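Participant: no letters, just coordinates:
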DNA sequence: CGGGAAGTTGAAGAGCGTCAAAAGTAGTGG
DNA sequence: CCACTACTTTTGACGCTCTTCAACTTCCCG
């Protein structure tokens, strides 16, 4: 797999050199503040497929993804799953949770994370206004993304959903200085289905349609080449 | 209509006496801080059905609902609408918006709102840590609600959606010290449909089913009496 | 080369949407 | 006070999108 390479951030190395810092909660901190944050951080690794935490568990920690990819999800009583979001390097994990985690989190590819004790992080947020501002910004941004997802799930058709997702992941990668075309999609069809409110089969059928029409091309390593972005944009809005 | 009575908060009256303050962004402020906030607030009224702001408009203001009920929504190119949420007294309006409003807002019943210039509010948030903390809390809470809605829209069936909504509105009313049973639902079937990702007709059919089974009873003034809450809870989880 | 997971494809069916019409409700003005 | 109108809600018949179930193929990785 793509993410199984050893973490580029060596245990104990200074956060200053962290490649995902510009995209993380620690981006706007001074060197001293960053040191404060680093003091309460523990580097952990979670293997592909393994849980980071479970829904309903006591929310003792918050995390920051530094490498790999993860999914957060909610389950219904009979096993139906809804994936709330995918996390990539730089993403914060554990917002919107009270005493208990309101969703579960699992590594999709091998994950490196900075783990913070929730209490210690809250103490630090209280002391560092820049950190509080940053977390507020992250929460606002997540909220806007969630609202887009609500529109997608409530009112878009299968083809529109898939097109929207491809464009979304492309834009997101661009903002992180990663490849926006081809788009890297490390998750399996079932994950995509559970994210878009569809079944595996429907996702597969739509992707086949897009391939046949020459709108996308599947490349090696879970990469999707967007061949006709205008068509995708039109599709994502239902035209 | 129920909300057409004149606002109980007279123009220029002190926020100290505001009945929705315990549930609003101003709840944790000192008397002096509250005065600072009041200084930048303008009381406005919006009639039922009228827009508060439109999607894509320059986001010059933030609001706090003090009376009435509003909806926030997103539109697709062909007119399909997704209602993101309903706002009741105490709710903050304008989070998760950048330079432009990412959604439109309309009054459902006649609305009284505190309007804040976005810039002035941001200045104040910068100066008052208690206000920043409160807004962060609101954002986190909204995010958790949005994630529940994502589960609902992506993975629940029509009957489960309606049952979930009834319980959700009941719990929400309880937290605001309003009647949790019967539940007050001021919005029309079309709004409920656009909120749950359903059509007016499907919502009507489900409500008829619930009535027939003796789970709910419609009462005067858009009130819904929950007769069998256990059945609703079971239904909302798909059992 | 082999086995299990992931992906694809087909056929049939269910749930919800669409279209249409009737019944109920509220606000308006004579 | 009632008739008129417009909106909302309900109900029915039908159809479509997506799901379900099943079989088959492809892709990995040991």
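Facilitator: Perfect, I can see it now. Treat the numbers as computed from the prediction; the structure is a model and nothing was measured. Numbering: from 1, shown residues only, chains lettered A, B, ... in the order given.
Participant: CA only for contacts and neighbour counts going forward, please
Facilitator: Noted.
Participant: low-confidence ranges, chain A, go.
Facilitator: Applying pLDDT under 70 to chain A flags the ranges A:1-13.
Participant: can you give the domain ranges for it?
Facilitator: A:2-152, A:156-236 (automatic domain parsing).
Participant: so which of these is nearest residue B:140?
Facilitator: domain A:2-152 (4.5 Å; Cα to Cα).
Participant: is DNA strand D within reach of the closest one?
Facilitator: No - remark: domain A:2-152 sits outside contact range of DNA strand D, by Cα under 7 Å from any atom of the strand, the gap being at least 8.5 Å.
Participant: any bit of that domain sitting next to chain B?
Facilitator: Yes - shown here: domain A:2-152 in contact with chain B (Cα under 8 Å from any Cα of the partner chain) through A:74, A:76-78, A:80-84, A:95-97, A:102, A:132-133, A:136, A:139-144, A:146-147, A:149-151.
Participant: how much space separates the residue nearest the centre of chain A from residue A:111?
Facilitator: Centroid-nearest residue in chain A: residue A:87, 1.7 Å away (criterion: Cα atoms, centre = their mean). As judged by Cα to Cα, to the nearest Å, residue A:87 and residue A:111 stand 10 Å apart.
Participant: and DNA strand C, which of the domains of chain A is closest to it?
Facilitator: Closest of the domains of chain A to DNA strand C is domain A:156-236, at 3.6 Å (criterion: Cα to the nearest atom of the strand).
Participant: hmm, that closest one touching DNA strand C?
Facilitator: Yes - with Cα under 7 Å from any atom of the strand as the criterion, DNA strand C is reached by domain A:156-236 at A:187-190, A:200-205, A:207-208.
Participant: now list the buried members of the residues you listed.
Facilitator: Neighbour-count burial (16 or more other Cα atoms under 10 Å in any protein chain shown) is assigned, among those, to A:189-190, A:202-203, A:207.
Participant: ok, back up a step: to residue B:118, which of the domains of chain A lies closest?
Facilitator: domain A:2-152 (14.7 Å).
Participant: just the strands in chain A please.
Facilitator: With DSSP state E applied, chain A shows strands at A:41-46, A:51-53, A:61-75, A:81-87, A:92-93, A:104-117, A:183-184, A:216-219, A:223-226, listed in chain order.
Participant: all helices for chain A, in order.
Facilitator: Secondary structure of chain A, counting by DSSP state H: helices at A:31-39, A:118-127, A:129-155, A:158-175, A:189-196, A:200-212, A:229-236.
Participant: thinking again about what came up before, need the domains of chain A in a markdown table (columns: distance to residue B:236).
Facilitator: Below are these laid out as a markdown table (distance: least, Cα to Cα, whole Å):
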| stretch | distance to residue B:236 |
| --- | --- |
| domain A:2-152 | 9 |
| domain A:156-236 | 17 |
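Participant: out of those, nearest to residue B:14?
Facilitator: Nearest of the domains of chain A to residue B:14, taken as Cα to Cα: domain A:2-152 at 28.7 Å.
Participant: how about the closest one against DNA strand C, any contact?
Facilitator: No - shown here: domain A:2-152 not in contact with DNA strand C (Cα under 7 Å from any atom of the strand), separated by at least 8.5 Å.
Participant: mind checking how far that domain is from the chain centre?
Facilitator: Domain A:2-152 has its C-alpha centroid displaced from the chain centroid by 9 Å (Cα atoms, centre = their mean, to the nearest Å).
Participant: do the same with stretch A:189-200
Facilitator: 15 Å.
Participant: from the buried ones among the residues of domain A:156-236 next to DNA strand C, which two are the most distant?
Facilitator: The span of those, defined through Cα to Cα, is set by A:190 and A:207 at 13.0 Å.
Participant: what residue, apart from its backbone neighbours, is nearest residue A:135 spatially?
Facilitator: residue A:25 (6.3 Å; Cα to Cα, 6 or more residues apart in numbering or on different chains).
Participant: how much space between residue A:172 and residue B:32?
Facilitator: Counting by Cα to Cα, the gap from residue A:172 to residue B:32 is 42 Å.
Participant: right, I'll call it a day here.
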